[in-house]
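Asks: mind folding the following:
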Amino acid sequence: MRFILMTECGTQKGSTHHRRYFDMIDEAVFAEEMGFDGWGTSEHHFFSDIAVAPSPECLFTAVAMRTNRIRLRYMSRLISVVHPILVAEQTATTDILSNGRIELTTARGNTLLQLDAFGVSLEETKGRSEEALEIIVRALSDETMSHSGKYWGDIPERQVTPRVVQEPHPPLYKIAQGAESAADARRRGLGLITSDLYLGWDTLAEYLDAYNSVPENEVVPVGRFVTHSLASSVMTARCAKTDDEALASAEADLLKFAQMIINDVYVQLAERSPEQYGGFKRFAELREHAADPEWLRTCGPTVLVGSPEHCVKQIQRTIDMGADEIVLRMDGGTHQEIMDSIEHFGRYVIPYFKNPRSVQRTGPVGLLPGDPRQVPSYEKGRENA
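Replies: Residues are numbered from 1 along each chain as shown. Next up, the predicted model:
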């Protein structure tokens, strides 16, 4: 299981974007120290509070200069909007500055706030993003490239520079928000990252099954190699000494993010373009729960808020369903709350999956008082694997 820390520059009322950017860099450095495998941020435009990262390549450069091991993943580049040549150039530059640690996730875009401002219709996002990804791959991989297409016009033969460190290109991932989208990721040889699974554990199973059910002979990678990965994305993550402490730390962000997703973003997409986003109508059924923090905390895989034991159990459930990576979005709280949560994951959760034999469970003369002498239930699946 790989652990990826995600942040989107959620900036609290009374703070500044200036302060939050430097805090994010410190959090990435600490995540490397605490054993996380990767760090990433998403590209977003026009938000002032919940997601303020319109130029992710700048953040990646800053984090690359202060880290050595941790992988740096663009959690989504808005390739239906941003010219693919520019995305390729920025990807290559940050791959150089990180000494070959960049990973690239692409997305169509899921808010009218952004798509309307850039003049991209919902009916075109799929076609534009698919064509863009093909251009990005060739721009990163080939000595020279040219293109003639429906959405991005004619690009004369050019050599796109600088050249990447990871040849022929960094690993490629796709955000999937439906079973068919998950299957499409597999067919195109892309790693899968789920998103916003407030609809429950069955939805995660549906996505993972769709990805795994694609026969090998149907996989035609858009890249020069296949990236096979199944990531469950947690949109609000906190770990603290107790469940109550974790919920107190996460509650403001948990409610704000869930209400944005459930009440506004996806329902708006479904109403505007039922053919493209009709499946999102199901989110309207959750509106009665959007202001209930306890319901949200236990609604499914997209929220991971609790004690180390709670977090270990939920992550093990995710592994048992077939995921091999978990993306933990820790944002929206104070810098100290996020740093404390990173530390709890690093000290008490990640070791259970990275180095289970080293986890201390006994006292001077055996098991600690109250501990059963058998392997805890959430460890059985891993140790018997």
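Asks: and the strands in the stretch 201-350 of the chain?
Replies: All strands of the stretch 201-350 of the chain, identified by DSSP state E, counting those that start in this stretch, fall at 230-234, 236-239, 303-306, 325-329.
Asks: ok, residue 297 - contacts?
Replies: 243, 247, 250, 254, 303, 305-306 (C-beta atoms under 8 Å, 6 or more residues apart in numbering). C-beta coordinates here come from the backbone N, C-alpha and C atoms, glycine included.
Asks: one more pass at 7 Å, please.
Replies: When contacts are counted by C-beta atoms under 7 Å, 6 or more residues apart in numbering, residue 297 is found next to 247, 303, 305.
Asks: need those in JSON lines with neighbour count, can you?
Replies: Output for the contacts of residue 297, formatted as JSON lines (neighbours: other C-beta atoms under 10 Å):
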{"residue": "247", "neighbour count": "18"}
{"residue": "303", "neighbour count": "25"}
{"residue": "305", "neighbour count": "28"}
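Asks: poorly predicted segments of this structure, please.
Replies: Along the chain, the parts satisfying pLDDT under 70 run over 277-278, 362-385.
Asks: ok now the longest strand seen in it, how far from the chain's centre?
Replies: Ranked by number of residues, the top strand in the chain under DSSP state E is strand 71-78. Per C-alpha atoms, centre = their mean, to the nearest Å, the displacement of strand 71-78 from the mean C-alpha position of its chain is 8 Å.
Asks: list the helices and strands the following helix or strand past it packs on?
Replies: Moving toward the C-terminus from strand 71-78, the next helix or strand (DSSP states H and E) is helix 84-97. Where contact means 3 or more C-beta pairs under 7 Å, 6 or more residues apart in numbering; DSSP states H and E, helix 84-97 is packed against helix 56-66, strand 102-107, helix 125-141.
Asks: by how many degrees do helix 84-97 and strand 71-78 diverge?
Replies: 170 degrees (axes from the mean of the first three to the mean of the last three C-alpha atoms, to 10 degrees).
Asks: hey, C-alpha coordinates of helix 84-97 in PDB?
Replies: The C-alpha trace of helix 84-97 is given here as PDB (Å, rounded to 0.1, in the frame of the first residue of the first chain):
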ATOM      1  CA  PRO A  84      -1.200  20.300 -23.700                       C
ATOM      2  CA  ILE A  85       2.200  21.500 -24.900                       C
ATOM      3  CA  LEU A  86       2.300  23.800 -21.900                       C
ATOM      4  CA  VAL A  87       1.400  20.900 -19.600                       C
ATOM      5  CA  ALA A  88       4.200  18.800 -21.200                       C
ATOM      6  CA  GLU A  89       6.800  21.500 -20.700                       C
ATOM      7  CA  GLN A  90       5.900  22.100 -17.100                       C
ATOM      8  CA  THR A  91       5.800  18.400 -16.400                       C
ATOM      9  CA  ALA A  92       9.300  17.900 -17.900                       C
ATOM     10  CA  THR A  93      10.700  20.900 -16.000                       C
ATOM     11  CA  THR A  94       9.500  19.700 -12.600                       C
ATOM     12  CA  ASP A  95      10.700  16.200 -13.500                       C
ATOM     13  CA  ILE A  96      14.200  17.600 -13.900                       C
ATOM     14  CA  LEU A  97      14.100  19.700 -10.700                       C
END
